[in-house]
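Enquirer: got a predicted structure here, sequence first:
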Amino acid sequence: MKYPCDSLVHSEVDVMASRPTVRTGWVLTAAILGSSLAFIDGTVVNVALPSIQHALNATVSGAQWVVESYALFLAALILLGGAAGDFYGRRLIFTIGVFLFAAASAWCGFAADIRHLIAARALQGVGGAMLVPGSLAIISAAFPAAQRGKAIGTWSGFTGITAAIGPVLGGWLVQHFSWRWVFFINLPIAAAVIVISLLFVPESCGEGGKHKLDISGAFLITLGLGFLVFGMIEAPGLGWTNPVTWGTATAGVFAIALFLWREARTDAPLVPLRLFRSTNFSGANLLTLLLYAALGALLFFLPYNLIQVQGFTPTQAGAANLPLILILFFLSRWAGGLVAHYGAKLPLVIGPIVAACGFLLFARPGIGGNYWTTYFPAMIVLGLGMSGVVAPLTTTVMDSVSERQAGVASGVNNAVSRVASLLSIAVLGMVAFHVFNTQLENRLNAAKLPEPVKHAVLEQRNRLTQIEPPSGLNADQQHALKQSIDESFLAGFRWVMVISAGLALLSAASAWLMIQGKPLKPQRL
């Protein structure tokens, strides 16, 4: 079979020679719209989850899998997607990724039950893993070096705007139409991206085309993460003594260990482990793992709290994150300038400490109260902390390796941030579910509800805030039951936020211990 790169030199010489005829505005448009598909879906679905769970009569583990199946394949395959673009052609892989994402979005929108939705979300993750790295790659190939920085800055700015608008639009669609429209809205955007890509985006290949793809490595890490996450998500319902739970978790750990063993010995590894010889690179990725685990847990559990417990509409819940996103958008560039004056260490220590204070503020509000006096201050503080991290973290990652390894290093750090969210939702989901169970049983006993009512409620405990009250309750009993469920969930949410604050402090400690105070010259590994 002949691939586009077979007719190109495995470099960008041919593309660079043709740049005068390339319509770079269209290239930038395709990259922005394509990457926005994946970025928006990563946050919008969280706002739609309560409605999805209710409409499809799903358990909390089913709702977790709606997020986790997408995150799993995106995290595990994103490095392979970038390498495949270098190997087969960046435009080809990018366009296929957009098509798969669109097809999976249609499947999500028409899903008849939670299992179909989970499978469709997994396919979305595969498509996202192909289009996300391809969006920046086609920009780099189409723009000359003098214009590339401005183009990437434009891409970053517009994707930031879409990240801000996406949850609000998604919440509005859920509130006024249906959660299914959160997925259907992707179809016209994807169609436009495919047409623009085929007409105006030039094909290009990279140096990765000289090497074989690490298919075995991608399979092992997907299998390992999948088994490990499956064991942790299903543990609250099945129990850790169940052979399915501990068996899959053990198999996941074994597969991840086998992946690392293979990566250390293969000629073309998916993750070049030699990069971690740099203490700056290792420290930056450890910080990423810890801090983005905390952020991922917040973004998953907060919509449930706002919609199901606090009584926000989906639109209001989608808009609740706007202060965080806008602060990141406006202050990240300023924070990047701090590295030149103070080095990376100081902002990467102070930023996570401020973020930890933000997570603790999320644990403070009770039920009720005005958004501006409850969650808005927490959003502001978290935004200030995160804005002090993003740009210095990226700079540290890029400066810790040689220029020819910068793309791989950035890809590894991107994958680590997605793995962090994947694992945190599973691990902290166990914490939230355990606290919810314990609190609910205690509060039901304190409410002195009839035994048949308590039994019927506890039978549904795996639905968390979606528990249906048994029939025949009077108004006082319904109020007592609703209050018991809400306060039990809020207790679990508070535990998750306190643990998230601890993870943020640990990330600050990793920066203090491992990242050097002044920017390093690239190490040749």
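Expert: Happy to help now that I have it. Quick caveat: nothing in here was measured; it's all calculated off a predicted structure.

Enquirer: what average pLDDT does stretch 342-353 get?
Expert: Mean pLDDT, stretch 342-353: 87.

Enquirer: what residues of it count as buried?
Expert: Burial within stretch 342-353, assessed by neighbour count using 16 or more other C-beta atoms under 10 Å, is assigned to Gly343, Ala344, Lys345, Leu346, Pro347, Leu348, Val349, Ile350, Gly351, Pro352, Ile353. Just so you know, the C-beta spots here come from the backbone N, C-alpha and C atoms, and that holds for glycine as well.

Enquirer: kindly report the same for stretch 305-316.
Expert: Buried positions in stretch 305-316, judged by neighbour count with 16+ other C-beta under 10 Å: Asn305, Leu306, Ile307, Gln308, Val309, Gln310, Phe312, Pro314, Thr315, Gln316.

Enquirer: what does stretch 446-464 give?
Expert: Of the residues in stretch 446-464, those buried by neighbour count under the rule 16+ other C-beta under 10 Å are Ala447, Leu449, Val453, Lys454, Ala456, Val457, Arg461, Asn462, Arg463, Leu464.

Enquirer: pLDDT on that stretch, on average?
Expert: Averaging pLDDT along stretch 446-464 yields 82.

Enquirer: how about stretch 493-508?
Expert: 96.

Enquirer: if I pick the closest residue to Val201 other than its chain neighbours, what's in contact with it?
Expert: In space, and not counting its chain neighbours, Val201 is closest to Arg91: 4.9 Å by C-beta to C-beta, 6 or more residues apart in numbering. By C-beta atoms under 8 Å, 6 or more residues apart in numbering, the contact set of Arg91 is Pro4, Gly134, Ile138, Ser197, Val201, Pro202, Glu203, Ser204.

Enquirer: what sits up against the helix or strand where the fourth one lies?
Expert: Read that as Ser197. Secondary structure from DSSP states H and E places Ser197 in helix 186-200. If you take C-beta under 8 Å, 6+ apart as the criterion, helix 186-200 is touched by 22-23, 26-27, 29-30, 33-34, 36-37, 41, 91, 94-95, 98-99, 101-102, 105-106.

Enquirer: what about dumping the CA coordinates of it to PDB?
Expert: Provided in PDB are the C-alpha atoms of helix 186-200 (Å, rounded to 0.1, in the frame of the first residue of the first chain):
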ATOM      1  CA  ASN A 186     -19.600  18.500  16.600                       C
ATOM      2  CA  LEU A 187     -20.800  17.300  13.200                       C
ATOM      3  CA  PRO A 188     -21.000  20.500  11.100                       C
ATOM      4  CA  ILE A 189     -17.700  21.700  12.600                       C
ATOM      5  CA  ALA A 190     -16.000  18.400  11.700                       C
ATOM      6  CA  ALA A 191     -17.400  18.600   8.200                       C
ATOM      7  CA  ALA A 192     -16.000  22.000   7.700                       C
ATOM      8  CA  VAL A 193     -12.600  20.900   9.000                       C
ATOM      9  CA  ILE A 194     -12.400  17.900   6.600                       C
ATOM     10  CA  VAL A 195     -13.300  20.100   3.600                       C
ATOM     11  CA  ILE A 196     -10.800  22.700   4.400                       C
ATOM     12  CA  SER A 197      -8.100  20.100   5.100                       C
ATOM     13  CA  LEU A 198      -8.600  18.300   1.800                       C
ATOM     14  CA  LEU A 199      -8.600  21.600  -0.200                       C
ATOM     15  CA  PHE A 200      -6.100  23.800   1.500                       C
END
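
Enquirer: all helices for the stretch 401-525 of the chain, in order.
Expert: Using DSSP state H, counting those that start in this stretch, the helices of the stretch 401-525 of the chain run over 406-447, 451-458, 475-514.

Enquirer: could you export those as a markdown table, including distance to Ile165?
Expert: Listed next are the helices of the stretch 401-525 of the chain as a markdown table, based on distance: least, C-beta to C-beta, whole Å:
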| stretch | distance to Ile165 |
| --- | --- |
| helix 406-447 | 21 |
| helix 451-458 | 39 |
| helix 475-514 | 26 |
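
Enquirer: out of these, nearest to Leu382?
Expert: Closest approach to Leu382 among those (C-beta to C-beta): helix 475-514, 9.2 Å.

Enquirer: if we can go back for a sec, Met130 is nearest to which of the helices of the stretch 401-525 of the chain?
Expert: Nearest of the helices of the stretch 401-525 of the chain (C-beta to C-beta): helix 406-447, 13.1 Å.

Enquirer: from the chain's centroid, how far away is the closest one?
Expert: 12 Å (C-alpha atoms, centre = their mean, to the nearest Å).

Enquirer: find the residue at the geometric middle of the chain.
Expert: Geometric centre of the chain, nearest residue: Arg418, 4.9 Å, by C-alpha atoms, centre = their mean.

Enquirer: pretty sure that residue sits against Ile78.
Expert: Yes: with contact defined as C-beta atoms under 8 Å, Arg418 and Ile78 form a contacting pair (6.8 Å).

Enquirer: show me which of the buried residues of stretch 342-353 is closest to Thr59.
Expert: Proximity of those to Thr59 was ranked by C-beta to C-beta; the top entry is Pro352 with 33.6 Å.

Enquirer: residue contacts, that closest one?
Expert: With contact set as C-beta under 8 Å, 6+ apart, Pro352 has these partners: Leu287, Leu290, Leu291, Gly385, Val389, Ala504, Leu505, Ser507, Ala508, Ala511.

Enquirer: next, the fourth one: secondary structure please.
Expert: Gly385 falls in the helix class when you classify it by DSSP: H, G, I helix; E, B strand; the rest coil.

Enquirer: please apply the same query to the fifth one.
Expert: Using three-state DSSP as the criterion, the local structure at Val389 reads helix.

Enquirer: that one - nearest residue in space that isn't next to it in sequence?
Expert: Using C-beta to C-beta, 6+ apart, the closest residue to Val389 is Gly351 (3.9 Å).

Enquirer: any idea which element that neighbour lies in?
Expert: Using DSSP H and E, Gly351 sits within helix 345-362.

Enquirer: quick one: Val253 and Leu223 touch, right?
Expert: No: Val253 lies out of contact with Leu223 (C-beta under 8 Å); the separation is 11.3 Å.

Enquirer: those two: which is more packed in?
Expert: Remark: of Val253 and Leu223, Leu223 carries more neighbours, 18 against 14, as counted by other C-beta atoms under 10 Å.

Enquirer: ok, that one - contacts?
Expert: Gly252, Ala255.

Enquirer: okay, and it sits in which element?
Expert: Leu223 is located in helix 215-238, with elements delineated by DSSP H and E.

Enquirer: ok, now Arg91?
Expert: Per DSSP H and E: helix 90-110 holds Arg91.

Enquirer: next, the angle helix 186-200 makes with that helix.
Expert: Counting by axes from the mean of the first three to the mean of the last three C-alpha atoms, to 10 degrees, helix 90-110 lies at 160 degrees to helix 186-200.

Enquirer: just how off-centre is helix 90-110 within its chain?
Expert: 18 Å.

Enquirer: right, and the helix or strand after that helix?
Expert: Note on helix 90-110: by DSSP H and E, the next helix or strand toward the C-terminus is helix 114-142.

Enquirer: now do that next one: which elements does it pack against?
Expert: Contact partners of helix 114-142 among helices and strands, from 3 or more C-beta pairs under 8 Å, 6 or more residues apart in numbering; DSSP states H and E: helix 24-55, helix 60-88, helix 90-110, helix 145-176, helix 406-447.

Enquirer: among the buried residues of stretch 305-316, which pair sits farthest apart?
Expert: Val309 and Thr315 (17.0 Å).

Enquirer: could you check the angle helix 475-514 makes with the helix holding Gly351?
Expert: Angle, helix 345-362 to helix 475-514, by the same axes, to 10 degrees: 170 degrees.
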